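In: Mind folding the following:
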Amino acid sequence: MTMRHVLILGAGSAGLAAARALAAHDNIRVTAVTRTGETPYTRMSIKNVAFGPLSPQHIALPRPPAEVIADTVEHVDIEARQVHLASGTRTGFDALIIATGSRPRVLADDIHGVKEAADAERLSPLHALDDALRVRARLTGFNRRARVAIYGGGVLAAETASTLRSGGHQVILIARSAVPGAAAFGTPIAERLAAAHAAKVSTHFGRRITRLATGDDGIVITLDDQTAILADILLLALGTTPAPPTPWTDGIAVDSHLRTETPRIYSAGGVAIHHHDTLGAWRIDHWEDAAAQGTHAALVALHDLGAGDDPGAYLPRSRYAAMVYGQVIAGVGLTSHPGTPPDDGDFVVRHESGGTVVGVSGIDAIATVHQWGARLHQTRR
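Out: Below is the predicted model:
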């Protein structure tokens with residue numbers, strides 16, 4: 001059989017999983033492109049570098065089982081079926097899997113004081129390894145417990161608030177939503193979590209940051225109700241946006257098989273925006289689901305190249321768990337859909353689409369939640 005070339009852009013969770021799924025096929029040549037000068041790492045462990053004992057070496061990912069090109073993707077020429085790299089190299093492919101991940105949402109440029117705060121290292125996202133190392137150095141440099149403001153309300157914000165509070169830091173949690181985390185956990189879980197935040201840290205929910213002022217004493221954060229908050233550092237946990245190569249701009253649309261509109265080009269992980277007949281448009285940016293998507297995209301590519309069976313449609317069944325103030329927030333599947341009120345026993349919420357359970361989340365009910373994984377997308381309430 002003719003040797004076919006599968007090119008993978010990205011070597012994070014989705015890219016590494018795709019490479020592993022392809023590695024056993026002798027008639028498939030696999031090449032993975034990693035960013036120039038970057039060692040891929042486990043992004044879910046970033047907070048353990050920023051606030052815990054882990055070093056960058058502890059969270060480094062193994063080398064993909066493929067030919068690896070350390071270069072930066074500049075452009076995908078769809079018609080020529082080539083990828084243009086920063087070095088000037090052009091690499092062709094028979095199939096392309098785009099797993100370039102995501103970038104953090106940041107404050108708008110029109111908010112006064114953003115650049116000055118970032119330059120003074122009083123403002124930082126918590127998304128990449130460089131962010132974690134910068135925050136770690138900043139907190140260590142204070143030589144005391146710090147006043148840390150966090151802007152966001154999802155999984156990362158909740159875990160960060162909990163971790164910093166347990167470390168003795170003064171935490172101020174600011175969120176644009178009155179019930180932060182509803183998009184990540186579902187409203188019933190988010191309401192319980194909001195109450196826990198209010199009991200443990202200083203909270204400003206339903207508020208937006210309008211101005212920053214950096215001085216020797218710290219950073220003054222002004223909210224839209226004119227409240228002024230003094231902190232040592234402001235961490236951004238506003239979620240992520242897809243980070244595709246050009247010519248894509250706002251993520252890469254994929255069908256139920258993770259195919260793009262161009263034959264034999266696929267996308268997986270945080271860069272992919274899914275379109276499903278019953279689930280609608282959705283996107284998940286967490287480690288386990290990215291790995292599952294990467295594996296699935298590889299299997300679909302093998303099928304389309306005549307080297308494997310059709311794996312069918314991709315349906316999210318991956319698990320996640322977060323420890324927040326001593327409680328385990330667990331989820332499986334697509335938990336961004338509306339959820340039913342919790343049962344009388346375990347605090348477990350079923351998330352439905354068209355009457356079918358597509359995700360389950362819960363508090364301190366990790367076994368019950370995870371048992372739902374195999375039944376998602378087929379069990380009606």
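In: Tell me the buried residues in stretch 252-263?
Out: Across stretch 252-263, burial judged by 16 or more other Cβ atoms under 10 Å covers 252, 254-260. C-beta: built from backbone N, CA, C; applies to glycine.
In: what's the answer for stretch 86-96, then?
Out: By 16+ other Cβ under 10 Å, the buried positions in stretch 86-96 come out as 91, 93-96.
In: What of stretch 37-51?
Out: Buried residues in stretch 37-51 (16+ other Cβ under 10 Å): 40-51.
In: One more: stretch 191-209?
Out: For stretch 191-209, by 16+ other Cβ under 10 Å, it's 192-194, 196-197, 200-201, 203-205, 207, 209.
In: For the residues you listed, could you give me TSV that also reports distance to V6 and secondary structure?
Out: Compiled in TSV, the buried residues of stretch 191-209 are given as follows (distance: Cβ to Cβ, whole Å; DSSP: H, G, I helix; E, B strand; the rest coil):
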residue	distance to V6	secondary structure
R192	45	helix
L193	41	helix
A194	45	helix
A196	46	helix
H197	45	helix
K200	48	helix
V201	47	coil
T203	48	strand
H204	48	strand
F205	46	strand
R207	47	coil
I209	44	strand
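In: Would you mind listing where the protein has pLDDT under the threshold?
Out: In the predicted model of the chain, residues 1, 342-345, 379-381 satisfy pLDDT under 70.
In: any idea which of the buried residues of stretch 191-209 is closest to A19?
Out: In terms of Cβ to Cβ, no member of the buried residues of stretch 191-209 lies closer to A19 than L193, at 36.3 Å.
In: burial count for the closest residue to the closest one other than its chain neighbours?
Out: In space, and not counting its chain neighbours, L193 is closest to G181: 5.6 Å by Cβ to Cβ, 6 or more residues apart in numbering. G181 sits with 25 neighbouring residues when counted by other Cβ atoms under 10 Å.
In: I figured G181 was touching E191, is that so?
Out: No: counting by Cβ atoms under 8 Å, no contact exists between G181 and E191, whose distance comes to 9.1 Å.
In: how about the helices of this protein, start to end?
Out: 13-22, 46-50, 114-119, 129-141, 155-166, 182-185, 187-200, 287-304, 366-370 (DSSP state H).
In: Please identify the deepest-packed of those.
Out: Highest mean neighbour count among these (mean count of other Cβ atoms under 10 Å): helix 13-22, with a mean of 27.
In: helices and strands around that helix, which ones?
Out: If you count contacts as 3 or more Cβ pairs under 8 Å, 6 or more residues apart in numbering; DSSP states H and E, helix 13-22 packs onto strand 4-9, strand 28-34, strand 95-98, helix 287-304.
In: beta partners of R211?
Out: H112, T222 (DSSP bridges).
In: I would like the residues contacting stretch 372-379, please.
Out: 315-317, 319, 332-333, 350, 356-360 (Cβ atoms under 8 Å, 6 or more residues apart in numbering).
In: Can I get the buried part of those as one ChimeraX selection?
Out: Buried residues within the contacts of stretch 372-379, by 16+ other Cβ under 10 Å, are selected in ChimeraX with:
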select :315,316,317,319,332,333,350,356,357,358,359,360
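In: between the contacts of stretch 372-379, which is nearest P244?
Out: P316 (20.0 Å).
In: Please flag which of the buried residues of stretch 252-263 sit within strands.
Out: 252, 254 (DSSP state E).
In: Might one say that Q293 is in contact with G12?
Out: No: Q293 is not in contact with G12 according to Cβ under 8 Å; the separation is 11.3 Å.
In: Find the centremost residue of the chain, please.
Out: D285 (3.4 Å; Cα atoms, centre = their mean).
In: How much space separates that one from L156?
Out: Distance, D285 to L156, by Cβ to Cβ, to the nearest Å: 10 Å.
In: can you give me the end-to-end distance of stretch 66-86?
Out: Terminal residues of stretch 66-86 lie 20 Å apart, using Cα to Cα, to the nearest Å.
In: what does it contact?
Out: So stretch 66-86 is in contact with 7-9, 11, 19, 22-23, 29-38, 87, 89-94, 96, 98, 100, 245-248, 262, 265, going by Cβ under 8 Å, 6+ apart.
In: before we move on, what about stretch 190-198?
Out: With Cβ under 8 Å, 6+ apart, stretch 190-198 has contacts from 153, 158, 161, 173, 179-182, 184-185, 203, 205, 324-325, 327, 329, 347, 363.
In: Now it - C-alpha only, PDB.
Out: Extracted C-alpha coordinates of stretch 190-198, given in PDB (Å, rounded to 0.1, in the frame of the first residue of the first chain):
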ATOM      1  CA  ALA A 190     -22.600  27.300  39.900                       C
ATOM      2  CA  GLU A 191     -25.100  28.600  42.400                       C
ATOM      3  CA  ARG A 192     -23.700  26.300  45.100                       C
ATOM      4  CA  LEU A 193     -20.200  27.300  44.200                       C
ATOM      5  CA  ALA A 194     -21.000  31.000  44.200                       C
ATOM      6  CA  ALA A 195     -22.200  30.600  47.800                       C
ATOM      7  CA  ALA A 196     -19.000  28.800  48.700                       C
ATOM      8  CA  HIS A 197     -16.900  31.600  47.200                       C
ATOM      9  CA  ALA A 198     -18.900  34.200  49.100                       C
END
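In: Contacts only, for D309.
Out: Per Cβ under 8 Å, 6+ apart, neighbours of D309: 299, 303.
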